[in-house]
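Visitor: When you get a sec, could you give me coordinates for this:
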Amino acid sequence: MSTRIAFLKGHGTENDFVIVPDPENAIDLPPAAVAALCDRRAGIGGDGLLHVVRSAAHPEAKDMAAEAEWFMDYRNGDGSVAEMCGNGVRVFARYLQRAGHATEGDLAIATRGGVKTVHIAKAVSDNGSAAGDITVGMGRALLPEGDVEVSVGERDWPARNVNMGNPHAVAFVADLADAGDLYSPPPFRPATAYPDGVNVEFVVDRGPRQVAMRVHERGSGETRSCGTGACAVAVATARRDGADPAVTGTPATYTVDVPGGTLVITERPDGEIEMTGPAVIVAEGEIDAGWLEGVIA
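Guide: Here you go, the predicted model:
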C-alpha cells in the first residue's frame with residue numbers, strides 16, 4: 001500500500017461520502033477501514049464510502065463493463081456492503097465529471113443494483129461555476145406483497161414494503177418527531193420481511209404532491225438524506241394517493257423534502273423512476289496509509 005491514498009469528500013442533499021478513487025481496484029478496503037474513514041471524530045467522516053473502480057477491474061462488475069466503464073463499490077458507514085445509494089450515485093457522477101472521466105450529458109454507472117443511467121445537467125450560473133443538478137434513472141420499484149409494521153417505543157405504524165434495489169419500509173405518521181431519535185434501527189414485523197435489515201422512512205404530507213421524510217439507513221443510522229428512500233417514499237405516496245403511472249399513462253412527480261434539502265422524484269408510465277437533485281464535492285486530500293493500517297490492524 002502506498003504511503004498516501006487520495007480521497008475526496010462530497011454530499012448530495014447533505015448525505016455525505018468519503019470518495020476513494022481506485023481505478024484498478026488496488027486498494028484493500030475491509031469493513032474496519034471503511035468504518036474508520038467514515039468515523040466523524042477519529043476519521044474523515046461520512047454516511048458511507050464511494051470506492052471508484054473501473055468495472056472491468058472489479059469481480060462484481062466485470063459483467064457490466066460493456067455497459068458502464070465505472071463501478072460504484074458502495075459501502076455503508078459501518079463498513080457493510082450496500083446494493084445501491086441514490087445520493088451516492090449523484091456524488092459519484094460529480095466526481096467522474098470533476099476528474100475528467102465524464103462530461104455534461106448522459107452517463108452509465110454500474111452498481112450492485114444494476115447499471116444506472118445518469119444525466120449531468122449543464123451548469124446554470126453566469127460564470128459557469130455552479131454545477132447543475134444530476135438526474136439518476138433509479139430503475140423500477142418492486143412492491144412485495146404482505147403487511148409490514150414498524151415501531152418506535154410503544155407506537156406502531158403500518159408500512160409499505162418497497163424495494164429500490166435495496167429494501168425500504170415507508171410509514172406515514174402525523175409528525176416527523178414520532179420517529180424518535182433514529183439512532184437504532186426501528187423494529188419491524190414480520191422478521192421474515194427483511195432478512196438483511198431495512199431502511200425505514202417516516203413520512204408526513206407537506207402539500208399537493210409534496211412530502212417530507214426522515215430515515216434510518218441500514219448500517220448508517222439517521223442520515224440527512226436517502227435517495228433510494230426518497231424514491232420509495234414517492235412510490236408509496238403515489239399508491240396511497242391512488243396514482244399508478246402504469247395504469248393512468250401519466251407520470252407522477254413528487255417533491256420530497258429531506259433534512260438536507262429537496263429531491264424531485266418522477267415515476268414514469270414504463271415504471272422507471274428518476275431522481276433529480278444536487279451533488280457537491282467539497283474537499284480533497286490524502287489519507288495517511290500508515291494511520292489506516294494502524295486502525296485496522
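Visitor: What pLDDT does the model give residue 82?
Guide: Looking at residue 82, its pLDDT is 86.
Visitor: ignore the last one, residue 297
Guide: 75.
Visitor: Return the distance of it relative to residue 35.
Guide: Residue 297 is 14 Å from residue 35, where distance means CB to CB, to the nearest Å. Glycine gets a C-beta too; all of them are placed from N, C-alpha and C.
Visitor: Compare these two (neighbour count), which wins?
Guide: Counting neighbours by other CB atoms under 10 Å for residue 297 and for residue 35 shows that residue 35 has the greater number, 21 against 6.
Visitor: Any regions of the stretch 1-150 of the chain where pLDDT drops low?
Guide: Along the stretch 1-150 of the chain, the parts satisfying pLDDT under 70 run over 1-3, 124-131.
Visitor: Quick one: the helices in it, in order.
Guide: 31-38, 86-98 (DSSP state H, counting those that start in this stretch).
Visitor: any chance of those helices in a markdown table, plus distance to residue 260?
Guide: What follows is these, written out as a markdown table (distance: least, CB to CB, whole Å):
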| stretch | distance to residue 260 |
| --- | --- |
| helix 31-38 | 17 |
| helix 86-98 | 9 |
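Visitor: Return the most buried member of those helices.
Guide: With neighbours defined by mean count of other CB atoms under 10 Å, none of the helices of the stretch 1-150 of the chain is more surrounded on average than helix 86-98, at a mean of 26.
Visitor: just to revisit the earlier point, can you tell me which of the helices of the stretch 1-150 of the chain is nearest to residue 219?
Guide: helix 31-38 (9.9 Å; CB to CB).
Visitor: before we move on, back to that, who wins for proximity to residue 6 among the helices of the stretch 1-150 of the chain?
Guide: Comparison of the helices of the stretch 1-150 of the chain against residue 6 by CB to CB identifies helix 86-98 as nearest, at 11.1 Å.
Visitor: Distance from the chain centre to the closest one, please.
Guide: 11 Å (CA atoms, centre = their mean, to the nearest Å).
Visitor: Contacts only, for residue 4.
Guide: For residue 4, the contacting residues are 286, 287, 288, 289, by CB atoms under 8 Å, 6 or more residues apart in numbering.
Visitor: Among those residues, which ones are in helices?
Guide: Residues of the contacts of residue 4 located in helices (DSSP state H): residue 289.
Visitor: Out of the contacts of residue 4, the closest to residue 192 would be?
Guide: residue 287 (40.5 Å).
Visitor: what's around the spatially closest residue to the closest one that is not a sequence neighbour, how many residues?
Guide: Excluding its sequence neighbours, the residue lying closest to residue 287 (CB to CB, 6 or more residues apart in numbering) is residue 5, at 4.2 Å. Neighbour count for residue 5, taken as other CB under 10 Å: 18.
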